[in-house]
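Chemist: sequence first, then the predicted structure, then my questions.
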Amino acid sequence: MRLLIFIILIIGAALLQGAGWTLFAVSPNFFLAVLFIAALTLSDFLSFGIVALVGLIAIRFQPGLSWAPLLAVGLTLVLYWIKSYLPWLEIFTVVAGLFAVTFLFYLIFDPRFVFQHPTIIFLEALYNIVIGGGLFMLMPRVSAKK
Amino acid sequence: MSYSKFFLFIGLIAFFVFGSNFLVPKLPWLSIKTKQEMASLRQENEALKAEVLEWKLSAPENQTEYKAKVYSVYPFNNQSELTITGGTLQGLKEGQPVTIGSSVLVGYIARTFESYSIVKTVFDDAWQVAVRIGESATDGLLVGGRTPELTLIGKHKTIQEGEIVYSASKSFPYGLTLGKVGAIKDSANTLFKEAALTPSYTLNDLSEVTVLLR
């Protein structure tokens, strides 16, 4: 059930990302936020792998290979592996983690952008936290219904 | 060979050589069919000639524009790029201006591949282009970004909101529209005036663009 929800969510996130929706000229990273929560809440690696793969196919925005979505998957994959070592798996992890992952995403992919426009990244991180936090709060209820 | 056989032989040859000329017109169905076929072949030939001419005229070296479909918009915040159909196979090259309807400058081709190209747009941080503003042709520099800005406008120059901003760089054809002047910033402690640029479109609205090939 949870896997199905995440598959639907990641397809929706990829479509929203491609639509270029912005708030104050900054677009949230729906794709990264959904992947982050998937990595944090899905218990088996196969399910996370399926969600990531569906996401990569859905977000494909140019005929050639694009590194940005692969980087997002890579970062959340690291989170998947280290989540068992995290001292707490609460909303604080989501807030701090999404903030860090958003900055890391740009730091690795486009370091120049981090130094030139930290406010844009800060705003994007804020959006990602709102999206990811909302999903994280809803997830336990979904599993309870299962 | 006897005379009778000789004349018979000659007669047969004469019949086949000359007789057909008289016989064929007497077979109206054959004549009409042949004429129809000939006419049809002539028409086909003319049509093929016209197609060859059209193809020659539309060959990349003769084209001045290439209509490209917008494949997608780059989905993250760090860049503002479009992926468009058409690449090196269609004669597209890096640096060529990309416009809406040949008159509104959207960006330029930053990278080309065989069948698609990446367009750097006016909303990208890396974009800078010399511009002129309004009928007074006031010089300025357009600095790209999420909210493109007009900078280096002389303090003593008069510009007004709503005036047209157009390209004045050697990289692009002169006079391509970029947008209109938005809010003007003019403070006492700066050397130049600045203003926002209001483009007439958003990237997500674009479905087709024109690449200027020359």
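Modeler: Here it is on my side, so go on.

Chemist: ok, then the element right after the helix or strand bottoming out on mean pLDDT in chain B?
Modeler: Every helix and strand in chain B was compared by mean pLDDT, DSSP states H and E; the lowest is helix B:20-23, with a mean of 54. Downstream of helix B:20-23, the next assigned helix or strand under DSSP states H and E is helix B:28-58.

Chemist: show me what secondary structure element comes after that following helix.
Modeler: Past helix B:28-58, further along toward the C-terminus, the next helix or strand under DSSP H and E is strand B:65-73.

Chemist: pull the contacting residues for residue B:161.
Modeler: Going by CB atoms under 8 Å, 6 or more residues apart in numbering or on different chains, residue B:161 touches B:180-184, B:195. To be clear about C-beta, it is placed using only N, CA and C from the backbone, and glycine gets the same treatment.

Chemist: near chain A, which residues of chain B?
Modeler: B:71-79, B:83, B:113, B:115-116, B:118, B:125, B:146-147, B:203-204 (CB under 8 Å from any CB of the partner chain).

Chemist: out of these, which end up buried?
Modeler: Among the residues of chain B next to chain A, those classed as buried by 16 or more other CB atoms under 10 Å in any protein chain shown are B:71-79, B:83, B:113, B:116, B:118, B:125, B:146, B:203.

Chemist: now intersect those with the helices, please.
Modeler: Using DSSP state H, no member of those falls in helices.

Chemist: those residues in strands, which ones?
Modeler: B:71-73, B:83, B:116, B:118 (DSSP state E).

Chemist: kindly report the residues of chain A close to chain B.
Modeler: Applying the criterion CB under 8 Å from any CB, the portion of chain A that neighbours chain B consists of A:17-20, A:25-27, A:29, A:31, A:59, A:61-64, A:68, A:106, A:109-110, A:113, A:116-117, A:120-121, A:124.

Chemist: just the buried subset of those residues, please.
Modeler: A:17-18, A:20, A:26-27, A:29, A:31, A:59, A:61-62, A:68, A:106, A:109-110, A:113, A:117, A:120-121, A:124.

Chemist: pretty sure residue B:169 sits against residue B:129.
Modeler: Yes - with contacts defined as CB atoms under 8 Å, residue B:169 counts as touching residue B:129 at a distance of 4.8 Å.

Chemist: between those two, which is the more surrounded one?
Modeler: With neighbours defined as other CB atoms under 10 Å in any protein chain shown, residue B:169 and residue B:129 compare such that residue B:129 has more, 21 against 17.

Chemist: show me what that one is bridged to.
Modeler: When bridges are called by DSSP bridges, residue B:129 pairs up with residue B:142.

Chemist: spit out the contact partners of it.
Modeler: For residue B:129, the contacting residues are B:141-142, B:144, B:167, B:169, B:171-172, B:178, by CB under 8 Å, 6+ apart.

Chemist: so for the longest helix along chain A, what gets flagged as buried?
Modeler: When secondary structure is assigned using DSSP H, the longest helix within chain A turns out to be helix A:118-145. By 16+ other CB under 10 Å, the buried positions in helix A:118-145 come out as A:120-121, A:123-129, A:131-133, A:135-136, A:139.
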